[in-house]
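> sequence and computational prediction follow.
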Amino acid sequence: MTIVLGGGISGLSAAYYAANNAKNSAVILLEASNHLGGWIRSIKSPTGAIFEQGPRTIRPVGLAGRNTLDLVENLQLSNKLIHIGSSHPATRNRLIYSDETLHLLPSSLKGVFKTTSLLDRPLINCLWTDLTAPRTSKEDESIYDFVQRRLGQDLADKLISPIICGICAGDAQKISVNFLFKSLFEAEQKYGSIVKGVLVNRLKNIFSKSKDDTGKKDNESTNLRLTLADVAQKEHWALWGLQGGLEQLPQALADNLRERGVKIQTEAKCEKLTFKSNCVELIINGNIQECSRVISSLPAKNLADIVREQHPALSAELEVIPTVTVAVVNFEFQEDVLPLQAFGFLVPPKENLPLLGVIFDSCVFPQKSSTVLTVMMGGAWFEKFFGANPSEEHLLTTAIDHTRDILRIEEEPVAHNVAVLKDCIPQHVVGHTQRIKRIHDYISTHHIPLGLCGSSYQGVGLNDVILSAKQAVCDIVRER
Ligand SMILES: Cc1cc2nc3c(=O)[nH]c(=O)nc-3n(C[C@H](O)[C@H](O)[C@H](O)COP(=O)(O)OP(=O)(O)OC[C@H]3O[C@@H](n4cnc5c(N)ncnc54)[C@H](O)[C@@H]3O)c2cc1C
């Protein structure tokens, strides 16, 4: 029997892939809270608008992007899927708020040659900075240091730092470049420059793709059905979501699991894990339960707590993967109150504002004629701006005052929702790749029947955590 710990999207996905695998006779999923889906939560405002408290959009690209679309198709959610393409204003228009001004980032090749108001130089100049910067050999460093070294401090401060706030609510001075921008870092390490490395890799890809295409053409006539992922690629989707809210994804997964006989227990907190010679013993709400293998989708810190007694060295590695807290405030305004149709704006940390950024939800996926915005605050700077226990009232006024000031909105919102998401985003700091390797090595050398998935390990995006669940199931089945 396989027990999956955690009923967020990665735990539900792990149970789904485990149930698909014939070798897994029985699968049980245990979730500590009374809610399935973890950070995914879609709330209906009193006026009927959808407020996403956690994730809202998913990128369809790459292996992980295709995998999620396959899952959506298998769960028969394709008819609820909404998407935008590469020419949509929310794809093209991305803003940064710096020096009391909203700056539009270039979205075309022509724009890259023009001096941007954000940087006082054309973006193309950075390529020259990179080509002339000296090569430095390193195992890892912060994204900030890497960008400052290769592309210039202005880019590190005004462009990359806010982008990192948008990706993981984190501090670019701490996040690992060898983890988050692995291919760029490797390009520099191998070829002495990002530009050279990227060009060489592009050329290699073009050659290998043309070989692949020759092979594919022979099979084309026999495989005419396009998958959802094929359609997304063919139509150049940039982002997708679900009509009515992303929470339908974990709900559909849970329904599918129940239909296939997977037992889902909520309010079932795992308090201790002990790996014995012939089984795994779990303490769940004070009661003992046994199984043959465990897949943990818990945040690394929670897993550290429950394995500490038997495996203190493993626990010590898991425990130090940091997390940040984000305050999320959703607003609805009755009219169209935005100065520009865009995805939203990000705020560089050097502006010293409590806002990480604001997403223009109703530009991405329109909701009637109203404007829906989501303000993200705090992250790596949560305590600095809000202390340990800010009131809802304080968070609400901070969000509304700054947003109205920056976007010059005069109207009052007609609905809102405030939430503090404690420790919601793991931070993959410098040295993360090596730490993850040590964790996996420990598990495999001690022959522990434990698979790991979720946002603490291989990336925080929904695509990453769903793929990590599939991988964890493959790994644990192969081990046995
Ligand atoms: C504000 C915000 C916005 C985001 N936006 C996007 C986005 O637009 N696109 C995107 O791709 N990604 C986005 N993400 C990232 C993405 O939502 C998360 O990485 C993902 O939801 C994490 O899922 P998970 O299953 O790994 O973890 P979680 O959702 O944290 O699930 C873990 C579960 O384990 C349970 N648990 C903990 N301890 C125990 C225990 N001892 N026993 C049993 N159960 C336990 C918890 O209750 C929880 O339900 C966003 C994240 C946040 C916070």
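Ah, there it is. Residues are numbered from 1 along each chain as shown.
> next one: phi and psi at the residue of the stretch 151-300 of the chain found nearest the ligand?
Closest to the ligand within the stretch 151-300 of the chain is Cys270: 3.9 Å, counting by C-beta to the nearest ligand atom. Heads up, the C-betas are built off the backbone N, CA and C, glycines and all. Backbone torsions for Cys270, taken as degrees, to the nearest 10, come to phi -80, psi 120.
> and for it, the neighbour number?
Burial of Cys270 is recorded as 23 neighbouring residues (other C-beta atoms under 10 Å).
> and for Arg202?
Every residue meeting other C-beta under 10 Å relative to Arg202 is counted, giving 10.
> next SSE after the helix or strand harbouring it?
Using DSSP states H and E, Arg202 maps to helix 194-220. Following helix 194-220 in sequence order, the next helix or strand is helix 228-234 (DSSP H and E).
> do the helix or strand following that following helix and the ligand meet at all?
For helix 228-234, the following helix or strand on the C-terminal side (DSSP H and E) is strand 237-242. No. Counting by C-beta under 6 Å from any ligand atom, the ligand is not contacted by strand 237-242; separation bottoms out at 8.5 Å.
> Gly170 touches Gly379, doesn't it?
Yes. Between Gly170 and Gly379 there is a contact under C-beta atoms under 8 Å: 6.3 Å.
> look up how far Val27 lies from the residue of the stretch 151-300 of the chain closest to the ligand.
Relative to Val27, Cys270 is positioned 15 Å away (C-beta to C-beta, to the nearest Å).
> any idea what the residue of the stretch 151-300 of the chain closest to the ligand is bridged to?
Ile284 (DSSP bridges).
> Arg435: what secondary structure?
Following DSSP: H, G, I helix; E, B strand; the rest coil, the label given to Arg435 is helix.
> could I have stretch 91-98 exported to CSV, CA atoms only?
What follows is stretch 91-98, C-alpha atoms only, in CSV (Å, rounded to 0.1, in the frame of the first residue of the first chain):
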residue,chain,number,x,y,z
THR,A,91,1.1,38.7,-22.7
ARG,A,92,2.7,41.7,-24.3
ASN,A,93,2.3,44.4,-21.7
ARG,A,94,4.3,43.9,-18.5
LEU,A,95,5.0,46.8,-16.2
ILE,A,96,7.6,47.7,-13.5
TYR,A,97,6.9,50.4,-11.0
SER,A,98,10.1,52.3,-10.3
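> quick one: contacts of that stretch?
Here stretch 91-98 makes contact (C-beta atoms under 8 Å, 6 or more residues apart in numbering) with 84-86, 102-105, 107, 118, 158-159, 162, 238-239, 340-348, 351, 353, 355, 406.
> try 6 Å this time
Taking contacts as C-beta atoms under 6 Å, 6 or more residues apart in numbering, the residues outside stretch 91-98 that touch it are 84, 102-105, 107, 118, 158, 162, 238, 342-343, 345-348, 406.
> the residues you listed, buried ones only, as a ChimeraX selection?
Buried residues within the contacts of stretch 91-98, by 16 or more other C-beta atoms under 10 Å, are selected in ChimeraX with:
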select :84,102,103,104,105,118,158,162,238,342,343,345,346,347,348,406
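> among the contacts of stretch 91-98, which lie within strands?
Among the contacts of stretch 91-98, the ones falling in strands (DSSP state E) are 84, 102-104, 238, 345-346.
> next, format those as TSV and append pLDDT and distance to His416.
Formatted as TSV, the ones in strands among the contacts of stretch 91-98 follow (pLDDT from 0 to 100; distance: C-beta to C-beta, whole Å):
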residue	pLDDT	distance to His416
Ile84	97	25
Leu102	96	22
His103	95	27
Leu104	94	27
Ala238	97	28
Phe345	98	19
Leu346	98	21
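> what lies in contact with the helix or strand hosting Asp441?
Per DSSP H and E, Asp441 falls inside helix 432-445. Around helix 432-445, the neighbours that count as contacts under C-beta under 6 Å, 6+ apart are 176, 178-179, 314, 317, 450, 457.
> so which residues on the chain come close to the ligand?
So far as C-beta under 6 Å from any ligand atom goes, the chain lies against the ligand at 5-11, 30-33, 38-40, 54-58, 269-270, 297-299, 302, 326, 328, 421, 424-425, 454-455, 460-462, 465.
> from those, list the buried ones, please.
By 16+ other C-beta under 10 Å, these give 5-11, 30-32, 38-40, 54-58, 270, 297-299, 302, 326, 328, 421, 424-425, 454-455, 460-462, 465 as buried.
> the helix or strand containing Lys190 packs against which elements?
Element membership for Lys190 (DSSP H and E) is helix 182-191. Helix 182-191 sits against helix 194-220, with contacts defined as 3 or more C-beta pairs under 6 Å, 6 or more residues apart in numbering; DSSP states H and E.
> measure stretch 46-63 end to end?
39 Å (C-alpha to C-alpha, to the nearest Å).
> which residues sit against it?
With C-beta under 6 Å, 6+ apart as the criterion, stretch 46-63 contacts 39-43, 45, 65, 69, 232, 237, 239-241, 245-246, 328, 330, 332, 367, 370, 372, 415, 417, 419, 462.
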